[in-house]
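Undergrad: Quick one, fold the following:
(one chain, ligands or ions: 2)
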Amino acid sequence: MAIKVEGVTKLYGKQKALNNVSFGVQKGQVVGFLGPNGAGKSTMMKIITGFIQPTSGNVTINGTPINSASKDSRFDIGYMPENNPLYHDMYVKEYLQFVAKIYKLGRYSNKRVKGLIELTGIVNEQNKKIGELSKGYRQRVGLAQALLNRPSVLILDEPTSGLDPNQIIEIRKIIADVGREKTVLLSTHIMQEVEAICSNVIILNKGEIVANGPTTSIMLDSSVKQQTVTVEIVEPITPGMLMGIEGVSNVEQSNINKNTWTVKSMAEKDIRPDIFNFCLKNNLTIITLFKKTMQMEDVFQTVTHSPNS
Ligand code: ADP
Ligand code: MG
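TA: Ligands and ions are numbered 1, 2, ... in the order given. This is a model prediction of the structure:
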């Protein structure tokens, strides 16, 4: 197991940020770490990297306990903290060489820094001040920094937050690339990101794990039964008409195309035949009818939703 978390609890004063959390990440996996703000993701990542100590519980990296006594295991981790704090007055290359010195890379450091500048696409920025870079380029510097000592485990805390759609795609591509040979734990709020690059997903809510498994099976999880069907009907109808179909729990009209309706149901059986037969009986013409496949978004909402929040 590349990362093993056993019974980790973290208290900040009286507040419990993590409650007896256990999970494992296997070597080579790219794992999406999800959860609403305040769920405890950053706290867990800081504990995994040895940045802060848990109140109780253990973490091992490739079998070695991560605590202040074991510098070896910490050196096998690359960490990009939330908000990616960097020295804004330092120049990109100078900063990476500075970090290389901390890692005591010695005579390999110049070559290593050069390679990472190329890998993360900051060749033209290497002689600029970090503070002058756009957020997207700063994230690349953060990623280069996290990769410097060739760690086998990468912990990335919201690496794409605050980036524009093009920058997101570029950073995501780099992560997917390095993820081919490394173990990656990555927190994000972007569900497509998880569907695109994560083999596994862990969802945290209020300091506890509420879902953990392969991305595809989590999305097929039968405990999340809601189905969403899109239907386009030529004739004008009222939402009440569709609500009358057995098992339908919610009906919404599209703002863009008034003939398109989103129908939700918690029923176990496919509701499309009922919608079809209803339209047939009422002389309504269906021109589109499809069931949306379960998305990470739906899973996330289901497992992190509590009636009193
Ligand atoms: P996430 O990254 O999922 O948004 P965090 O790990 O940052 O969650 O925070 C989890 C909980 O712990 C939150 O309620 C937050 O307010 C609290 N918390 C985080 N860091 C500290 C700290 N240094 N001192 C006190 N409370 C903290
Ligand atoms: Mg956080």
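
Undergrad: tell me which helix or strand of the chain sits lowest on mean pLDDT?
TA: The weakest-scoring helix or strand in the chain, judged by mean pLDDT, DSSP states H and E, is helix 71-74 (a mean of 67).

Undergrad: Sheet partners, orientation included, of the next helix or strand after that helix?
TA: Moving toward the C-terminus from helix 71-74, the first helix or strand encountered (DSSP states H and E) is strand 77-80. Partner strands for strand 77-80, per DSSP bridges, with pairing direction: strand 153-157 (parallel).

Undergrad: Report all helices and strands that the helix or strand following the strand it pairs with contacts.
TA: Downstream of strand 153-157, the first helix or strand assigned by DSSP H and E is helix 165-179. Helices and strands touching helix 165-179, by 3 or more Cβ pairs under 8 Å, 6 or more residues apart in numbering; DSSP states H and E, are strand 30-34, helix 109-119, helix 135-147, strand 153-157, strand 183-187, helix 191-197. Heads up, the C-betas are built off the backbone N, CA and C, glycines and all.

Undergrad: Could you export helix 165-179 as PDB, CA atoms only?
TA: Taking C-alpha atoms only, helix 165-179 is exported to PDB below (Å, rounded to 0.1, in the frame of the first residue of the first chain):
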ATOM      1  CA  PRO A 165     -10.900  26.200 -18.400                       C
ATOM      2  CA  ASN A 166      -7.800  26.100 -20.700                       C
ATOM      3  CA  GLN A 167      -5.400  26.200 -17.800                       C
ATOM      4  CA  ILE A 168      -7.400  23.500 -16.000                       C
ATOM      5  CA  ILE A 169      -7.000  21.200 -19.000                       C
ATOM      6  CA  GLU A 170      -3.300  21.800 -19.300                       C
ATOM      7  CA  ILE A 171      -2.600  21.100 -15.600                       C
ATOM      8  CA  ARG A 172      -4.800  18.100 -15.700                       C
ATOM      9  CA  LYS A 173      -2.800  16.700 -18.600                       C
ATOM     10  CA  ILE A 174       0.400  17.100 -16.700                       C
ATOM     11  CA  ILE A 175      -1.100  15.400 -13.600                       C
ATOM     12  CA  ALA A 176      -2.400  12.500 -15.800                       C
ATOM     13  CA  ASP A 177       1.000  12.200 -17.400                       C
ATOM     14  CA  VAL A 178       3.000  12.000 -14.100                       C
ATOM     15  CA  GLY A 179       0.200   9.900 -12.600                       C
END
